[in-house]
Structure formats: structure tokens, C-alpha cells
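# One predicted model, sequence on top.
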Amino acid sequence: MDIITTQHPVSMDARPEWFEHANAADRQHYLALERDLESSEAELAKLLGHFASVRVYARYIASYLLNNEFGSDLDPDRIMTSISHVFEVGSKTLVQQDERTLTELFLYGLHDQGQRYEITFKGEDLPTGLTRQWLEDALEEDVRAAYGAEIRSHYLRPAVIRAMGEVLKQRLALTAFTAKIQGHLGENFERIMGAIAGDADLTLECLQLHEKNRPLKDVMVVRNRNGQGEWLLYAPGSPGGRDWYQCVNLRGVGIAIGEWTQQQKGRDYLTWQSHALDREAITGYLKQVEAKPTLWIGVIPAPNPYIDNAVLNSSVSNVRAWLVSNEEAMTPYGYRTATTIERQYFARLNTELRALHTVAVREGGFISYEKFSYNLIKERLGQLLAEHGEYTPLNPDHIVVEMSPNEKMTLTQLIIKEYKFEVVDNPRNPLYPRLILTNDHPPLKALTIQGIANWSRTLRPGEKYIDMLRSIYLDMNNSETAFKRSIHFEIQQRQMQVAIMSELFQGRLLKDKYDRLRELVHTLSSIDTIPMNPMGEYPNEVLHNALFQFHIEGRLVEGVFVFRLLKDMLVEEFLYTPDAPDGRCLRPMSEFVLAVKERGLGDYFYRRVRYTDQRVVGTYITELELNSNFTDAPVLGRNSRVRNLAATYEGLIDRIIADVDAKTESLNDIISGLVFNAVTAAASVISLVYAPIGLALSAVLITKSLLEGAEAYNDGDRAKALSHFIDALIDLALLGHAGIKGKPVSGVQKTLIQLLGDVNTAENLIAQISGQQRLHQRVLEVIQEVLDDSNSAKSKTLIR
């Protein structure tokens with residue numbers, strides 16, 4: 001549910017700190033304003049009815065069908081469903097199990113015929129006729145498509161527009177009074193109230209990031225029409241921590257907003273505030289500003305022609321346009337008019353990606369450096385004890401090395417950090433270094449502090465990790481490696497299909513090209529075994545549709561490909577850019593220059609080449625960005641056709657080894673980055689209530705509008721929801737600190753911990769992101785509690 005339609009009841013326990021210090025009169029006035037806002041929001045929600053949000057609509061449809069069929073008052077939010085989808089990957093079988101309310105299942109939809117999931121219903125006093133067949137009949141019409149087709153007309157109703165104006169008026173009044181009490185407005189409170197009331201000397205204008213873009217949704221200014229006096233910036237939920245800001249002039253407003261662009265939260269906020277049709281361009285623009293702050297050009301007020309009592313009409317119209325475009329972008333016209341088979345196939349692809357991404361973290365990806373180090377030292381310790389006839393359960397996390405009274409670490413952490421030390425006589429501190437076992441660890445007679453000191457200098461876990469990559473991850477005869485390779489391939493193939501379908505749904509791909517691209521991706525399951533010309537193969541010699549690797553200045557861009565379609569000797573090329581910063585995964589090759597110049601993809605390509613290739617590629621990208629006459633995209637290279645997509649897995653391993661050899665980053669940093677990327681990719685698809693249609697929507701839109709749990713559904717301001725994964729981990733790192741000890745773990749945090757899989761990996765990643773050396777003991781306890789309670793997860797992936 002969106003900010004404009006959501007009620008915000010606030011309990012006394014949740015009151016802000018300033019409220020407790022305010023005088024009685026201010027408290028009463030605040031409460032009165034709050035009641036006015038809640039009343040206006042309730043009236044708007046009443047007028048919109050079941051079109052208040054897609055979730056409300058899905059609940060309404062499910063309730064109607066239940067009551068129509070069974071004649072009883074059944075609540076679809078209280079009926080739980082357990083679905084199970086089975087599919088093959090390599091020589092193994094994956095089972096994806098998900099628990100959803102019936103409302104959520106109506107949003108998610110069915111799989112295509114022949115690939116339907118198994119389903120069971122859970123709840124009290126359920127009718128016997130509530131079966132899979134009933135569900136399939138009920139979901140013949142796609143709920144999201146039906147909602148998207150009708151939403152615009154409901155927001156055009158005059159009564160709804162008037163109610164939206166009243167909500168905006170009450171919200172401005174409440175936030176302005178709050179800002180006044182906090183001292184954020186100086187003497188300007190009355191100016192805001194005057195502007196809201198229609199004072200002819202004042203105006204209230206929405207802001208644009210660029211004259212070509214539509215105004216931001218909630219970001220606006222109050223100012224004098226004659227241009228004199230301070231400009232008052234309204235930006236609810238902004239990263240500056242305020243709703244209102246005092247600025248000297250328009251330039252001051254631009255500077256204030258420009259400061260937000262240097263933080264991820266600020267860029268997310270501005271992206272979320274942007275109109276759906278502008279979001280792709282704005283995402284790219286903000287990515288460029290992040291890398292080069294001098295590209296920030298400030299903001300522009302959108303002229304407001306309305307005066308007197310109609311002064312808010314322009315802002316209301318802007319909010320209405322934002323809401324409608326946002327909902328329509330989630331279910332674009334191409335999705336609404338797609339065939340049932342296409343929509344259901346899209347749902348199945350995303351179910352299978354949930355499973356594949358989860359397995360990629362746990363089984364199919366890279367073992368974390370922390371877990372590898374734990375296993376390594378545990379193995380060596382076991383060998384040592386066995387040589388001395390000791391056979392004791394071992395846990396390196398419960399063996400502590402104390403270097404001094406103020407410095408200690410577990411044996412695992414010592415090995416992870418490659419902390420080297422020697423045992424020497426120290427008269428000033430004769431007790432250290434020393435070995436301590438926690439109370440629950442059995443005694444170890446053969447283990448000495450001298451032995452640990454020797455391991456600290458000779459074990460070299462980094463070198464052994466690289467040796468492991470070479471001996472196992474590159475051994476195609478190893479069954480474990482074959483499975484990892486299969487997972488890598490299956491994810492790539494399905495992501496390509498999702499990208500192609502998303503382009504079709506968004507009207508950027510004609511049906512004929514869509515069919516040919518889908519068929520091409522399907523053929524990638526087979527390996528081209530036809531011998532290649534010994535003299536090499538040039539792209540123009542390939543007389544059929546094919547996939548090619550993408551190179552810049554002859555340097556391979558890992559994971560990026562070009563689809564080359566050939567029909568009647570006419571060649572069309574499409575650039576595949578998974579996880580591109582502008583959210584678009586497939587685009588015509590002719591848009592390459594635009595993507596780099598205006599969509600922020602230069603850094604994206606730069607980071608996907610080997611370290612030793614980055615200087616050449618970086619020079620090329622810089623010249624392209626600075627040269628206005630640069631219009632030529634890279635061309636396909638000789639011998640670049642992909643004959644075996646699964647073999648690109650070895651290229652990923654080779655790049656990791658090459659970058660470590662080039663001393664770019666520590667091995668721990670590289671592997672931690674890969675693990676984090678895999679975990680967040682898995683957490684994204686696990687946390688989504690339903691598969692996003694518009695991949696051009698940025699990640700912030702997806703995570704802030706579709707996440708499961710109370711954060712998204714109960715917090716009307718989705719930009720404030722705890723949904724950004726980095727924020728979730730930082731917030732988790734603060735558990736145990738003063739004032740936060742009783743804070744519960746969120747659903748997002750549980751998902752991330754369960755995917756990370758072990759305490760050491762979770763601790764090191766969270767500590768690295770939060771900037772802490774070690775985490776509070778309470779955080780480690782919470783991590784272990786979540787790992788021990790894995791059965792409570794709503795999404796599970798099994799391997800058979």
C-alpha cells in the first residue's frame with residue numbers, strides 16, 4: 001500500500017523523542033493534526049476501496065471467490081498455502097518449497113500447464129472443496145493484470161482527487177508542525193501554513209532533477225513568488241533525517257539534494273521518488289553522479305499555475321501520475337495483454353530462480369573464505385590430535401587465542417585473518433600469548449600455543465584456497481564441480497529468458513524477435529560440437545542465430561553477451577547486461593554508447609574485466625564518456641561465438657585466480673564480494689512476494705514495494721522500510737548496543753543469515769559492511785539462533 005493511501009496510527013511507545021519533551025499544548029495540537037491526517041487517509045482508502053493497492057485488490061478477489069464458492073466468510077490472509085515445485089538440474093533434482101497466504105498466492109499466480117506446483121492448504125475449518133483444481137479455476141484471470149488495467153480510471157475520479165488533496169494538505173501541516181517543534185524551520189512555519197492555505201504571495205512547487213524528467217513524487221519547495229526569502233524544501237523520508245529543510249535559494253536546494261547523491265540511501269530515495277517512465281534514465285544519471293559529483297546539475301522547480309485554494313492541485317496531479325505510472329509499470333501493457341501461457345511461464349521461471357540462487361549460495365557457488373579456513377584448521381587440528389591418540393570433538397570457534405589482556409580471537413578468526421605471531425619470552429607480560437578453551441570444549445592435551453603460532457605462519461589459507469579452486473572448481477571430472485557448473489548455467493539461461501520476456505512485456509521487443517531470442521536461449525542447452533575452422537571464425541561467417549561473448553578493446557567482459565539474430569541476411573544484435581545499474585538486462589547493441597554515456601554502464605563494464613585489462617577498458621570508457629562524437633559500439637570479435645554456455649563458469653574461476661595473482665584485492669575481499677552478491681541475489685528473489693515484471697525498475701523499487709513481511713506491508717512509506725540488504729546487515733550489527741537489545745530480527749535479516757549458512761561467514765561479512773572489528777556477543781547469539789531455527793523459513797530449497 002502506498003504512502004498516499006496508508007493510515008499511520010502511532011502508539012505512545014513509538015512516539016519520537018521530541019514528543020516527550022514538548023509542552024502539553026504542542027502535544028495536543030500534534031495529536032489533533034495526526035487524527036486529521038488519519039481521518040483523511042481513511043476517507044481516501046474508503047473511496048478507492050479494493051483498488052487502494054494491488055494487495056488489497058488480490059485480497060478482495062480471493063475473498064469474493066471464496067465466499068461465492070463456499071458461502072462462508074473466509075479470510076484469504078488467514079489461509080496458508082504450501083507449494084512445492086520440482087525440476088531437474090544436471091543429475092540432481094531441486095525442490096522449491098514456499099509458504100504463502102492465499103492472498104499472496106493470488107498475486108504470484110500459477111505455473112504453466114505441465115509444470116504446475118503441488119499445493120496444500122492450511123487453516124481452521126477449511127471447506128473440503130478448497131483444492132488445487134479450485135485454485136486453478138480461480139486464477140484463470142491474472143489478478144495483477146486485471147488490477148493494472150483498471151487502476152488509472154479509479155485515480156481519475158474527482159472524489160478521489162479531492163481526497164488525495166486533503167491527505168496531502170494534512171500531511172504537510174503535520175510534518176511542518178513537527179519540524180517547527182524540532183527547530184528545523186526557524187520563523188518559517190507560518191509561511192508553509194500560508195502556502196497550504198493558498199496565500200497569493202507564496203507558491204508550492206514540485207521539483208525535477210532535469211527539465212526532460214517529470215517531477216519527483218513528494219519532493220517540493222515552498223517559496224515566495226517574488227523570489228525573495230528562504231526556500232523551504234519538503235522531502236519526507238529523506239536521507240538527511242528531516243522532512244523539511246531551510247535553504248537560502250534554489251541553488252541551496254540543489255546543494256542539499258546533491259549531497260544525498262553521494263550516499264546509496266540518497267540515490268535510492270531519489271530513484272524511488274522519480275516517475276516510473278523516467279526511472280531508468282535517472283538511475284543511470286545518479287550512477288554517473290556517484291562516480292563524478294561534478295555532473296550534478298541541481299534541481300528545477302516545476303511551474304505551478306494554480307493559486308488560492310487550488311495551490312495543491314499541481315502536486316496532487318503529480319502524485320496521482322506517479323502512483324498510476326508506478327502500478328502500470330509493475331504490470332505493463334505487454335504483460336496485461338500477454339497470453340496466459342506466457343504469464344504463467346514467467347512465474348515458473350522466477351520460482352526456479354529462487355531455488356537456483358539459493359543452491360548457488362549453499363552448494364553451487366564459492367565456499368566462503370571463512371568456512372574454508374574453519375574446515376582447514378579443524379582438519380589440521382584433527383590430524384595433530386590423531387597423531388597423539390586423541391579423538392575429541394573439535395570446534396575451532398571455541399578455542400581462543402589471547403595475545404594480551406585486550407586482544408583475543410578464536411582460532412578460526414586467527415587463521416582467517418592470517419594473523420602471524422611467535423611465542424617469545426616476555427618478562428613484562430609472561431602470561432601471553434596463551435591458549436584458552438571455552439567451558440563447553442573438551443580438553444586438548446596435544447594442542448599448544450607454540451603449535452598454533454607455527455600454523456599462523458605456515459598454514460597460508462589463501463594459497464590453499466587458490467589451490468582448491470584449481471584442483472576442484474576447474475576439475476570438470478569432479479561431480480561437485482559438475483553440479484556447480486550446472487547451477488551456473490541454469491541461472492544464466494533462466495535470467496536470459498526473464499530478460500527477454502520483460503522486454504516483450506514492456507513493449508520494447510516485437511513478438512517475432514522475442515520468439516527468435518527465446519528459441520536461441522533454448523538451444524544453449526546443447527553444446528555445438530561441430531569442429532571450428534582452424535583459421536578461426538568471424539561473426540559474419542555465422543549464418544544462423546547465435547550468442548557471442550562481449551569484448552571491449554579485445555578484453556573479455558565477463559558475464560555480458562550479445563545475441564546476434566540473422567534473418568534474410570539482416571543482422572540484429574542485442575546486448576545482454578545482467579544486473580546492469582539501470583535495471584535493464586537486454587537492449588539493442590545500437591544503444592551501447594547511450595548506455596555508457598547516460599545510463600552509468602561504464603563502471604559496470606569496467607568492473608567485469610580482469611584487473612590487468614582494466615587500464616585499457618577504463619581508457620576506452622573515459623574517452624567514450626567525454627567525446628560527444630563517439631558513436632561506434634564495440635564489434636564482435638573473432639572466435640567469440642559461445643559454443644558451450646556452461647563453459648563460461650571456468651572463465652569466472654580463471655578471472656578470480658588472475659585477479660588474486662595480480663594482487664588487486666585480498667582473496668578474502670574477493671570471495672566475500674562474490675558471496676555477498678550471491679546472497680543478495682538469492683535474498684532478492686526469496687523476499688519478493690511475486691516476480692517483478694518491469695526489470696527497468698531499480699532494485700530499490702523492487703525491494704521497497706514487493707518485500708514480504710511487516711516492513712513493507714505495515715510501513716506506508718516504503719522508502720523507510722528496512723529492505724535494503726546492506727542496511728539490514730548494519731542494523732543487525734547494532735544489536736546488543738544500548739537501547740537496541742530487545743529489537744527483534746526482521747524477516748530480511750533472517751533470510752540473509754540463513755543464506756550465509758554459518759556464524760563465521762555471517763560475522764565477517766556483517767562486520768566488514770558495518771565497519772566493526774568484531775560483533776557484539778548478542779549478535780553472534782542471534783545469528784546462531786536463526787541458523788538453528790532453519791525449519792521456520794518460509795522458503796526452502798531441497799536437493800535430491
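Sure, I can see it.
# Residue 56 is in what secondary structure piece?
Using DSSP states H and E, the secondary-structure element containing residue 56 is helix 54-70.
# pLDDT (mean, whole number) over that helix?
Looking at helix 54-70 alone, the average pLDDT works out to 94.
# likewise stretch 615-633?
The average of the pLDDT scores along stretch 615-633 is 88.
# Which parts of the stretch 251-400 of the chain are strands?
300-301, 399-404 (DSSP state E, counting those that start in this stretch).
# what packs against the first one?
In terms of contacts (3 or more Cβ pairs under 8 Å, 6 or more residues apart in numbering; DSSP states H and E), strand 300-301 is packed against strand 202-208. Quick note: C-beta positions are derived from backbone N, CA and C, even for glycine.
# next one: the longest strand anywhere in the chain to chain centre, how far?
Here the longest strand in the chain is taken by residue count, with DSSP state E as the criterion, and it is strand 555-567. The chain centroid and the centroid of strand 555-567 are separated by 25 Å, computed with Cα atoms, centre = their mean, to the nearest Å.
# Which among the strands of the stretch 251-400 of the chain is found nearest to residue 19?
Minimum separation from residue 19 across these (Cβ to Cβ) falls at strand 300-301, 32.7 Å.
# Provide the contact partners of the closest one at residue level.
205, 206, 207, 208, 209, 210, 211, 221, 223, 250 (Cβ atoms under 8 Å, 6 or more residues apart in numbering).
# where does residue 239 land on pLDDT?
Looking at residue 239, its pLDDT stands at 88.
# which ones are touching it?
Residue 239 sits next to 260, 263, 265, 266, 269 when contact means Cβ under 8 Å, 6+ apart.
# just the buried members of those?
Among these, those that count as buried by neighbour count (16 or more other Cβ atoms under 10 Å) are 260, 265, 266, 269.
# Can you tell me the closest non-neighbouring residue to the second one?
If you skip the residues right next to it in sequence, residue 265 has residue 239 as its closest partner in space, 4.3 Å away by Cβ to Cβ, 6 or more residues apart in numbering.
# isn't there a helix covering that neighbour?
No - residue assignment for residue 239, taken from DSSP: H, G, I helix; E, B strand; the rest coil, gives coil, which places it outside any helix.
# and residue 183, how many neighbours?
Look at residue 183: counted by other Cβ atoms under 10 Å, it has 8 neighbours.
# and it, helix, strand or coil?
Judged by three-state DSSP, the three-state class of residue 183 is coil.
# Can you give me the distance of it to residue 760?
Distance check for residue 183 against residue 760: by Cβ to Cβ, to the nearest Å, it reads 46 Å.
# Quick check: chain neighbours aside, which residue is closest to residue 445?
residue 390 (6.2 Å).
# repeat for residue 16
Counting by Cβ to Cβ, 6+ apart, residue 16 lies nearest to residue 178, which is 7.9 Å off, once chain neighbours are set aside.
# I'd guess the one you found is in a helix, am I close?
Yes - residue assignment for residue 178, taken from three-state DSSP, places it within a helix.
# sorry, back to before: make JSON lines out of the contacts of residue 239 and add distance to residue 594 and pLDDT.
Conversion of the contacts of residue 239 to JSON lines gives the following (distance: Cβ to Cβ, whole Å; pLDDT from 0 to 100):
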{"residue": "260", "distance to residue 594": "26", "pLDDT": "94"}
{"residue": "263", "distance to residue 594": "27", "pLDDT": "88"}
{"residue": "265", "distance to residue 594": "28", "pLDDT": "85"}
{"residue": "266", "distance to residue 594": "25", "pLDDT": "91"}
{"residue": "269", "distance to residue 594": "25", "pLDDT": "90"}
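# among those, which two are most distant?
When those are compared pair by pair using Cβ to Cβ, the two farthest from each other are 263 and 269, 8.9 Å apart.
# Residue 98: which element?
strand 92-101.
# contacts for the helix or strand just after that strand?
Along the chain past strand 92-101, the next helix or strand (assigned with DSSP H and E) turns out to be helix 102-108. The set of residues external to helix 102-108 that reach it, using Cβ under 8 Å, 6+ apart, is 54-55, 58-59, 61-62, 66, 76-77, 79-81, 83, 100, 121, 135, 138-139, 143-144, 347, 689-691, 708.
# change it to 6 Å
For helix 102-108, contacts defined as Cβ atoms under 6 Å, 6 or more residues apart in numbering pick out 58, 59, 62, 76, 77, 79, 81, 143, 689, 690.
# And stretch 302-314, by the same measure?
Counting by Cβ under 6 Å, 6+ apart, 165, 168, 198, 200, 203, 204, 205, 206, 208, 215 sit against stretch 302-314.
# Go ahead and confirm the first one touches residue 318.
No - here residue 165 lies out of contact with residue 318, judged by Cβ atoms under 6 Å, at a distance of 11.8 Å.
# So, low pLDDT: which residues of the stretch 251-400 of the chain?
Scanning the stretch 251-400 of the chain for pLDDT under 70 picks out no residues.
# mind running it again at 80?
For the stretch 251-400 of the chain, residues meeting the criterion pLDDT under 80 lie at 362-366.
# what does the stretch 401-550 of the chain give?
Regions of the stretch 401-550 of the chain meeting the criterion pLDDT under 80 cover residues 425-430, 439, 530-533.
# any chance you could map the strands in it?
407-410, 434-437, 546-552.
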